[in-house]
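K.L.:
A predicted structure for the sequence below; I have some questions about it.
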Amino acid sequence: MRLIRVFPRRTKATPDDALAVVGRPPDLLDEADEVHISVSFSWDIPAAERLAEQWRHVAPVKIGGPAYGSAGLEFVPGRYLKPGYVITSRGCPRRCWFCGAWKRYPEATPLPTIAEGWNVLDDNLLACPRPHVEAVFAMLRRQKRCVEFTGGLEALSLQDYHVELLASLTPRPVCFFAYDPGDDFGPIENAAMRMRAAGFTTASHRLRCYVLIGFPKDTLSAAEKRLRQILGIGMTPMAMLWRGDKSSCAPDAQWRRFQRQWARPAIIHSRAGEKT
């Protein structure tokens, strides 16, 4: 079956093969047996539905993805994510107000099979049963690339055996933790301490931390305080700008400018000494 996948926007994880299309209507050369519109972010739903209407003249269209809560317990490498990106589980036991991962799978649920890849995007891998976590790391040791956990690692779920597994990878992986609104600072501070004790260094910038900013009632000064807290424990912060489901919630220029200053390690660390 000739399957064309259409994506409203390009990200680092978007496939780039000949049958992956980004943000455009069909042209005269497009032929398919089926068209899938894949939507990761809820704010892209209006654009995705316009694309679905345009592509229905080529072939039957299906629309879905994380924005629609339709991610199932199947992962086909390279179909909706670029080769190398991998999902081994879905769901999360936490109930964060800004995240929908728990609504379909309220527990971390392993997929039936573990695909090969080096960039792990699971919702909450560390909340999975130990046999699954160990099987994922066995797969990661076979990879010929530096491993990354850009899906995020939860400090609250971090156990000693997780630290040992992360430190056992060669070269050491890039680990993205998260410091979310309402989180106690203790778990992320403790995670940083344990990871550094296992051999991760501040200078390597392999310990990173997503920090959500710009959500309702947030302020620039409060956001900067949280980001600098993460710097202070030896992690590189990565500002993630909150966006609501509606266009009226789109962040303004001031927040977008602030986020750019706190989203690139080279900029962050060049400025780190400006303030204490």
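P.N.:
Right, received. Where do you want to start?
K.L.:
low-confidence stretches in the protein?
P.N.:
245-250, 272-276 (pLDDT under 70).
K.L.:
domain parsing for it?
P.N.:
Following automatic domain parsing, one gets these domains for the chain: 3-66, 70-271.
K.L.:
adding mean neighbour count, write those domains out as TSV.
P.N.:
Any C-beta I mention is one placed from the backbone N, CA and C, and that applies to glycine too. Listed next are the domains of the chain as TSV, based on neighbours: other C-beta atoms under 10 Å:
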stretch	mean neighbour count
domain 3-66	16
domain 70-271	17
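K.L.:
quick one: contacts of stretch 170-183?
P.N.:
Residues outside stretch 170-183 that contact it (C-beta atoms under 8 Å, 6 or more residues apart in numbering): 96, 98, 140, 146-155, 166, 185, 188, 191-192, 195, 199-200, 204, 206-212, 215, 218, 226, 229-230, 235, 237-238.
K.L.:
which of those fall in helices?
P.N.:
Leu140, Leu166, Phe185, Ile188, Ala191, Ala192, Met195, Arg226, Gln229, Ile230 (DSSP state H).
K.L.:
returning to what we had before: strands - which of the contacts of stretch 170-183 land there?
P.N.:
Residues of the contacts of stretch 170-183 located in strands (DSSP state E): 148-153, 207-212, 237-238.
K.L.:
show me which pair in these is furthest apart.
P.N.:
Largest separation among the ones in strands among the contacts of stretch 170-183 by C-beta to C-beta: Glu148 and Leu212, giving 19.8 Å.
K.L.:
before we move on, the earlier item: nearest to Thr109 among the ones in strands among the contacts of stretch 170-183?
P.N.:
For those, the nearest to Thr109 is Gly151 (14.4 Å; C-beta to C-beta).
K.L.:
next one: that closest one from His57, what distance?
P.N.:
Per C-beta to C-beta, to the nearest Å, Gly151 is found 36 Å from His57.
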